[in-house]
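> This is a predicted model, with the sequence first.
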Amino acid sequence: MQERRPRVSAGRQRRSRGGPRESRYFDSRRAEKRGASCGARQRLLRGCWPGLAALKCINNSVTENSDIYNPPRSPITGRTDEMCIKEQGPDMPLSRLRKAIEESCPHLAGSVHIRLKLMAEGELKDMEQFFDDLSDSFTGTEPEVHKTSVVGLFLRHMILAYNKLSFSQVYKLYTALQQYFQNDEKKDGIDESDMELTNTEDLEGKMEKEELDAPLSREEEISCSGPLSQKQAEYFLSQQASLLKNDETKALTPASLQKELNNLLKFNPDFAEAHYLSYLNNLRVQDVFSSTHSLLHYFDRLILTGAESKSNGDEGYGRSLRYAALNLAALHCRFGHYQQAELALQEAIRIAQESNDHVCLQHCLSWLYILEQKIFDSCVLLEHSVNKSLHFGLPYLASLGIQSLVQQRAFAGKAANKLMDALKDSDLLHWKHSLSELIDISIAQKTAIWRLYGRSTMALQQAQTLLSMNSLEAVNVGVQQNNTESFAVVLCHLAELHAEQGYFAAASEILKHLKERFPPNSQHAQLWMLFDQKIQFERAMNDGRYHIADSLVAGITALNSIEGVYRKALVLKAQNQMSEAHKLLQKLLIHCQKIKNTEMVISVLLSIAELYWRSSCHTIALPVLLQALALSREYSLQYLASETVLNLAFSQLILGIPEQALNILHMAIEPVLAHGAVLDKGCAMFLVAKCQVASAASYTPQKKVEGSMKKSSHCLYLIPKLRTANQPLESAILNLNEAKTYFAKVDCKEQLRDVLYFQARLFHTLGKTQERNKCAMLFRQLHQELPAHGVPLINAFK
Amino acid sequence: MAAAAAAALSGGDFSDLREIKKQLLSVAERSRERGLQHSGKWASELAFALDPLPLSELPPPPALTEEDARDLDAYTLAKSYFDLKEYDRAAYFLRGCKSQKAYFLYMYSRYLSGEKKKDDETVDSLGPLEKGQVKNEALRELRVELSKKHKARELDGFGLYLYGVVLRKLDLVKEAIDIFVEAAHVLPLHWGAWLELCNLITDKEMLKFLSLPDTWMKEFFLAHIYTELQLIEEALQKYQSLIDAGFSKSTYIISQIAVAYHNIRDIDKALSIFNELRKQDPYRIENMDTFSNLLYVRSMKPELSYLAHNLCEIDKYRVETCCVIGNYYSLRSQHEKAALYFQRALKLNPRYLGAWTLMGHEYMEMKNTSAAIQAYRHAIEVNKRDYRAWYGLGQTYEILKMPFYCLYYYRRAHQLRPNDSRMLVALGECYEKLNQLVEAKKCYWRAYAVGDVEKMALVKLAKLHEQLNESEQAAQCYIKYIQDIYSCGEIVEHLEVSTAFRYLAQYYFKCKLWDEASACAQKCCAFNDTREEGKALLRQILQLRNQGETSSAEIAAPFFLPASLSANNTPTRRVSPLNLSSVTP
């Protein structure tokens, strides 16, 4: 790091030697070039001014306290390095510079300031004197600065550049310094008296002047007011670009960034990179027109630089042509113009093929996959892409392909262990090439897959892994990479997991964080919006506030139409509009079967079954449920499977075979209690209690004990203790208590009421009047609060 | 000055040419006093076009006020410094002067001094990134002072003009427009203010909402801005009425008309007018670049060479001269030299738009696509509305075989010139290459509807129909094409005419319309490439006819107007808005 400065400066000069591109053609070629490099040199000087003064003073102080100078790496030089690093940004105002020096070396700040003041308020000769003195520091028996040290190199560079300046340029440099110093003073003045500068003018004049003077608002941290040198501009761009990529909220707001860029481009229209940043910036605000414009402008410019940098002209810009077309395809894809994107992609592929650019072709292939994905299942394409990418040594593309493949296979119900193996293998690849972005994606994907399989604890663990992992990027750049899609995905899952467990406060906290991190207009904001609404929807449904749920449906539909239709059906179902719900669900079912959205198919099947048993057609519900069960087993969607089993058990209960129901319940109860949402846990326990009661009623006491004993060997948790004939009822009460706590957690008042009713009846049977009365009272309270239930109590399972 | 404004005749009233002449003469004098050379020149040119006034009617020299008299010495001294381009010195001696004239000169010299310094700076440090960063330091101070004066209503017409210029230089376009309008109200005779207004108004809508003074100067302004906004018809009308009003000798108007004809690509008319102009004003350099463009388009080598030599003799360091020479070399296919001269023109005036575009064309000729792209981009940067540069960029990418990519550029060009068939044909070709035939058809049809310059749209459309097996439409298009070709009476040999006849012959043959078929087949025989086919077809027709009834009467039906087709299927020329399904960024 400490060697960076001189190299940077050297680069600055080298770059500027080339002069403006068109000078190549002019008659007065040489004059042109000379002028250009002079200008660059001058800028170099100006850019380094304050730093230089600081260094000089440091050197002075070094000589003053020569005892600290003795150790080879004294604290002072360490600080100097630090300062060099700090100086790499755009020109900072004097006050900030002073603060920076104070931080690392407090006693220097004063002397730096005095030195600057002397020069700025003195005459030209003071500056000249400064440079004369500077060259003295190398001479002498014990030079202050060693010629080949970092500082020495830097100083020599400076002196050389200064000596080459023409007189008018020296004068310009001096006035620039004066202005720099005065600006700071002026600012101080404004801070103190606020009107000191402007008291000569009327208020409006002041306003106008300010809008002229300050194109940038003051609160902006990074502002590049005034001219920037090439390096400074590049630094600004790269900084903003990496912020956009990694942490958008820290970057400048779209409007102000655009202003900066326009400013930059106004001064240097040849600065192609700025166009690219402007393209990225326009993407942020979803402005298709300006972003296309900027992108094409960028490539128009780049094509020329490419041609110049490579001697074999054709290859140079041919390459950027291909990528231009490819980028255009990406742009259209981003805005959802798939047909356009395909055309652009075809073009890119054609040009890449013509020039045998396999790397570019690979990129095209993976884009092609993304595009085709919208239309049909394209595993073949993907496999090709992975193979080829590995062959051409493009690990990034390869593992991106693997990840896509895993995702697709997971939806297609391929064996879970194989998928996990594949992910593990690609993880190896990531760590080997330290592709931190892909590591994040991989973890996010694992979270999603675990959730798909219904293993919420595993999902939770993966999510936490990603969130508490130190990104590799942090080591490299110093920017925490945290507004990527994977973070959004993981956080959304986390929020939903918390909501499922009834921790609504925590969930909303997470969502609040998401909102901050991904502002509503950013790319991944839709994710959290959807999850936010889903969680709200669930809560509203639990509370029985169906009108609120209904109002949320529109929002969900806007973000995800399938989900929206499904939710609409749920609301209709809850409002007892059975036939409408049924119609909607049938339509949805056909659609989902067509697009092979198995998860949704099963959910829809379950809802349809529920509709059937609500209308007391349990016999019709059974085949539907069995179909759902078969599907969820096939796709190893365990969570949905156990929910199906619960439904099945309920149907059996109603059909009068409670033992059978209890038998299959023990299959489902374990995963539900381990991974299920609180609501489902409650429902399951409630159902168990019902089955227990029903089976207790249908057996003779003798049989009852036997049956219960037999069962107890299987599922001890269902019936903890079996002693007397009333024991099944007592254990049912215990189970009901558990269900009650679960329901209370998620505020399901309706279910709570049902449980209380049930419990009261049981207590009544057992003759425990006091408990019965308590339950009855609670029931009464709830019953008054809630509207009457549409379905007979005993028939409802959910 | 107030008197002059009041005396200005109302819009469109040119009855009193003497009065106009008087006004012109006096404003020319006053512009010169203030160092506004260009406005002075314009007024004098126009005055020269009118009949001379007798001595008695010559406008008296403007009366001196008390203030003028007080500042007279300082003014006289400063004016001579000003004329010698010692602006700072002039400003120094004028400080504190109260009279309008002296004050204007004071501010104006400060402004010019700032501009001059800016130019010098640019030469001094032309680093790749500092380009354009140098700015006129004086502008801000001038603005503050002028705005104070403006509030106090102490600015006369010239002062307002200067205030407007300062605002424009500071990129405060809206304020600048307001000020220029005010300046035009106060002093309608000052052409500079009108001209600045022309540069700031970007579309017709803006023009509509301006409240302009109702004087005869407004007519000149409107004509000028119509030309700028490519509303050529309206512009020509205005100029014609100005000529009718008695300005027939004005070289300014003649040149503007020529430029207008050039813009609508009426080359012959434009050429004849330019020739006329050169006769009247042989040492004129302005607009000669446009003239050379016309000569270039018509490949008139000797004339272009003569023009180039002539201009070179007059002043070889003028932008226009360089441009003419560049065109000359380009016509001689010496593209490197041509590019060199365009470079030189740009060196002389970096904001000279035409040269960037022309340079782009040269690079295209030299197959240096990347340099061409760069040049076109520069042109666009100077003026976003330069449709030729957009079109050139599109062409470049088309040559690089990127039809989708170039769509964007053609679309931009098309947006700027919605009624130019060339862009539409180019767009159509791109769509055709992308196999989006529906869009392509729309483009070709529209190109035909807006008046096809190259007469190729119909053939292309016909071929598309042919490709899509829509034989009826294809035949219609060919018929219309042939009608077009014959109706414009050009004897220019069109390659596609034979194709058209061949297709039509076959089409009629298939429809069993023997008479039409044989007529077309006979036409085919007139062309080399289709002669054999035509003869074969004729033989076949004869055979088939003999087989069927032997029709005796050979009806000489007009071959290109079969009643069955022309009656109900004549496409209307009405143009519906072009609706390309794809997103048009």
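That came through, no problem. Numbering: from 1, shown residues only, chains lettered A, B, ... in the order given.
> show me what contacts the most centrally placed residue in chain B?
Nearest to the centroid of the C-alpha atoms of chain B, with distances taken as C-alpha atoms, centre = their mean, sits B:Asn263, at 4.6 Å. Counting by C-beta atoms under 8 Å, 6 or more residues apart in numbering or on different chains, B:Asn263 touches B:227, B:230, B:232. Placement of C-beta: from N, CA and C, glycine included.
> taking those one by one, which sit in helices?
Applying DSSP state H to these, the entries found in helices are B:227, B:232.
> Reformat the contacts of B:Asn263 as JSON lines; add neighbour count, distance to chain A and pLDDT.
Below are those laid out as JSON lines (neighbours: other C-beta atoms under 10 Å in any protein chain shown; distance: C-beta to the nearest C-beta, whole Å; pLDDT from 0 to 100):
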{"residue": "B:Thr227", "neighbour count": "22", "distance to chain A": "28", "pLDDT": "86"}
{"residue": "B:Gln230", "neighbour count": "18", "distance to chain A": "22", "pLDDT": "79"}
{"residue": "B:Ile232", "neighbour count": "18", "distance to chain A": "28", "pLDDT": "85"}
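> distance between stretch A:656-666 and the chain's centre?
46 Å (C-alpha atoms, centre = their mean, to the nearest Å).
> By neighbour count, which bits of it are buried? Give me those.
The neighbour-count check on stretch A:656-666 (16 or more other C-beta atoms under 10 Å in any protein chain shown) flags A:657-666 as buried.
> quick one: which of those residues is nearest chain B?
Distances from chain B to these, taken as C-beta to the nearest C-beta, are shortest for A:Ile664 (55.0 Å).
> So that closest one is in contact with A:Gln652, correct?
Yes - checked against C-beta atoms under 8 Å, the pair A:Ile664 and A:Gln652 is within contact range at 7.2 Å.
> mind listing what A:Leu491 touches?
A:463, A:467, A:510, A:513-514, A:517, A:528.
> rewinding a little: in helices, which of the buried residues of stretch A:656-666 fall?
Per DSSP H, the buried residues of stretch A:656-666 map to helices at A:658-666.
> Redo those as TSV? Include pLDDT and distance to chain B.
Shown next, in TSV, are those (pLDDT from 0 to 100; distance: C-beta to the nearest C-beta, whole Å):
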residue	pLDDT	distance to chain B
A:Pro658	81	62
A:Glu659	82	64
A:Gln660	83	60
A:Ala661	84	58
A:Leu662	85	61
A:Asn663	84	60
A:Ile664	85	55
A:Leu665	85	56
A:His666	83	58
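> Format these as CSV; extra columns: distance to A:Leu257.
CSV is the format used below for those (distance: C-beta to C-beta, whole Å):
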residue, distance to A:Leu257
A:Pro658, 67
A:Glu659, 69
A:Gln660, 66
A:Ala661, 63
A:Leu662, 64
A:Asn663, 65
A:Ile664, 60
A:Leu665, 59
A:His666, 61
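> that older thread, for the residue nearest to the centre of chain B, what are phi and psi?
When read as degrees, to the nearest 10, the backbone of B:Asn263 gives phi -70, psi -30.
> tell me the pLDDT at it?
In this model, B:Asn263 is scored at 84, pLDDT.
> Repeat that for B:Glu86.
You'll see B:Glu86 listed with a pLDDT of 90.
> count of neighbours near it?
Other residues near B:Glu86 come to 15 when the count uses other C-beta atoms under 10 Å in any protein chain shown.
> show me the contacts for it.
If you count contacts by C-beta under 8 Å, 6+ apart, B:Glu86 has none.
> mind checking how far B:Ala355 is from B:Ala339?
Using C-beta to C-beta, to the nearest Å, we find B:Ala355 at a distance of 10 Å from B:Ala339.
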